[in-house]
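Visitor: Below are the sequence and a predicted model; questions follow.
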Amino acid sequence: MKCLLLCLVLAAPVLPAQDVLFLKSGEKRSGRLSGLDAQQLRLQVPLPPPPGSPASAQQVFASVTIPRKDVDYIEFAPDPAMEELLKSATISQVVEIGGLWNRAEPLLKVPRSSAARIANVLGSLLLQTGDPAKAARALELFKEVEVGAWSPSDKLAARQGRLRAMVATGNAKEAVDEAMELAAVTENPAVLIEAKYILATAADASLRRLLNDNPRWEEDPHVIPERHRLYNEALDFYLYPSLFAGSESEAAARGLWGAAGIYLLAGESQKALECARDISTLYPGTKFAGPAAEFIASLPEAQRAINPEKEARAGLAPAPQNAAAPDKSPEEKPKKKSHEKKKPKNS
């Protein structure tokens, strides 16, 4: 009898993780939430197999409607595959994340749902494409989440995304004013980092427009000061996380990658290389490590052979015993870190 019972248990179909609706009456209903509107929720509930069905028979579900007013809260089933996708999503997965959002959007205002997080990831990916139309879509998406999300942290992330989208769609002035206000009042390090990143992207965009409008800026005494101001401002804000919050790996790598773009714009490819090296060495697990490695590999071998930081470490190595210590010049100064910026010429 025990053997027969064990066989029946082993033969029973393995059901996927289910959502659990906790009703105000104290009851619980389990299944997969398949839809909802202002009045009711629809739950797919697994039915027991008919007598005599083979173990391989396909699971049958019934759709149950439950009034929203009767539901206290929902415990959503864990979804490890979705969590991993959201954590490591790249531009190539915009369509896939967009599909997730289409299914999750009705749950935006439902407590404990992941809809807002999906939307924020999608918005960030749309901004990364550099497509103005996608940036406009991201702006609307962030606005929707900022208004409708149930979680304060999701609302804050959407606000930060909205400011980035405003910069990308040409509303930099308003975005910068709001970001500066946010940076001045926040005591949250993550919020401060994000505010500075928004300011960095705004300075970056302004610098690129300035250079595009003034290709011979080095000959214009009226443009030179503004070019240097924007150059230094963008670098200061981009490098803030790596210099003052290095434990925030993704933010630090993102800032270093932004700084590399500024250095390349200025024709300082060696400094861009050092930023990429810092990403590869210090933050290899971030989404910017791959692009950094590709950039390094694209450079001429002779340039890649130049490594000031490695040379500096070699110079600081302890001298062998019995070796005479070299004389030190009184004017000798400590070397800068590889990605620290130097004051540009004519500034």
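Guide: That came through fine.
Visitor: Dump the strand of greatest length in the chain to PDB, keeping only the CA atoms.
Guide: Longest strand in the chain, counting residues (DSSP state E): strand 28-36. Below are the C-alpha coordinates for strand 28-36, written out as PDB (Å, rounded to 0.1, in the frame of the first residue of the first chain):
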ATOM      1  CA  LYS A  28      -7.200  31.800   0.300                       C
ATOM      2  CA  ARG A  29      -7.500  31.000  -3.400                       C
ATOM      3  CA  SER A  30      -4.500  29.700  -5.400                       C
ATOM      4  CA  GLY A  31      -3.900  29.700  -9.100                       C
ATOM      5  CA  ARG A  32      -2.400  31.900 -11.800                       C
ATOM      6  CA  LEU A  33      -3.700  35.500 -12.000                       C
ATOM      7  CA  SER A  34      -4.700  35.900 -15.700                       C
ATOM      8  CA  GLY A  35      -6.400  39.300 -15.700                       C
ATOM      9  CA  LEU A  36      -8.200  42.000 -13.900                       C
END
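Visitor: What strands flank it, and is each parallel or antiparallel?
Guide: Paired with strand 28-36 in the same sheet, following DSSP bridges, are strand 19-23 (antiparallel), strand 40-46 (antiparallel).
Visitor: And the average pLDDT for it is what?
Guide: Model confidence over strand 28-36, given as mean pLDDT, is 83.
Visitor: who's in contact with that strand?
Guide: Taking contacts as CB atoms under 8 Å, 6 or more residues apart in numbering, the residues outside strand 28-36 that touch it are 16, 18-23, 41-46, 61, 63-64, 66, 68, 74, 76-77, 106-107, 110. Heads up, the C-betas are built off the backbone N, CA and C, glycines and all.
Visitor: Can you say which of these are buried?
Guide: Buried by 16 or more other CB atoms under 10 Å: Gln18, Asp19, Val20, Leu21, Leu41, Leu43, Pro46, Ile66, Ile74, Phe76, Leu107, Val110, out of those.
Visitor: Now the two most distant members of those.
Guide: Taking CB to CB as the measure, those reach their widest spread between Pro46 and Val110, a distance of 21.9 Å.
Visitor: Now for the closest residue to Gly148 other than its chain neighbours: which residues touch it?
Guide: With CB to CB, 6 or more residues apart in numbering as the measure, Leu108 is the residue that lies nearest to Gly148, at 4.7 Å, once sequence neighbours are left out. Listed by CB under 8 Å, 6+ apart, the contact partners of Leu108 are Ala115, Ala116, Ala119, Glu144, Val145, Gly148, Ala149, Trp150.
Visitor: 7 Å instead, please
Guide: Ala115, Ala116, Val145, Gly148, Ala149 (CB atoms under 7 Å, 6 or more residues apart in numbering).
Visitor: Can you give me the pLDDT of it?
Guide: At Leu108 the predicted local distance difference test score is 91.
Visitor: tell me the phi and psi of it?
Guide: Comment: the main-chain dihedrals of Leu108 come out as phi -50, psi -40, following degrees, to the nearest 10.
Visitor: Use 434 as the first number from now on
Guide: In the new numbering, first residue 434, that becomes Leu541.
Visitor: tell me the mean pLDDT over the longest helix seen in the chain?
Guide: Scanning the chain for the longest helix, with DSSP state H as the assignment, gives helix 622-646. Throughout helix 622-646, pLDDT has a mean value of 93.
Visitor: Same question for it: list its buried residues.
Guide: Neighbour-count burial for helix 622-646 flags 623-640, 643-644 (criterion: 16+ other CB under 10 Å).
Visitor: what's in contact with it?
Guide: 589, 593, 596-597, 600, 605, 608-609, 612-613, 615-616, 619, 650, 656, 659-660, 663-664, 666-667, 670-671, 673-674, 678, 681, 684, 687-688, 691, 695, 698.
Visitor: among the residues you listed, which ones are buried?
Guide: Burial by neighbour count, 16+ other CB under 10 Å: within those this picks out 589, 593, 596-597, 600, 605, 608-609, 612, 615-616, 650, 656, 660, 663-664, 666-667, 670-671, 673-674, 678, 681, 684, 687-688, 691, 695.
Visitor: How is the protein partitioned into domains?
Guide: Domain assignment for the chain by automatic domain parsing gives 448-481+492-509, 512-603, 608-744.
Visitor: how much space between Ser489 and Arg649?
Guide: Between Ser489 and Arg649 the distance, using CB to CB, to the nearest Å, works out to 75 Å.
Visitor: Val527 and Leu560 touch, don't they?
Guide: No. At 10.7 Å, Val527 does not count as touching Leu560 under the criterion of CB atoms under 7 Å.
Visitor: and those two? which has more neighbours close in?
Guide: Set side by side, Val527 and Leu560 give different neighbour counts by other CB atoms under 10 Å, the larger being at Leu560 (23 against 17).
Visitor: Give me the nearest residue to the more buried one, chain neighbours excluded.
Guide: Per CB to CB, 6+ apart, closest to Leu560 is Ala571, 5.1 Å.
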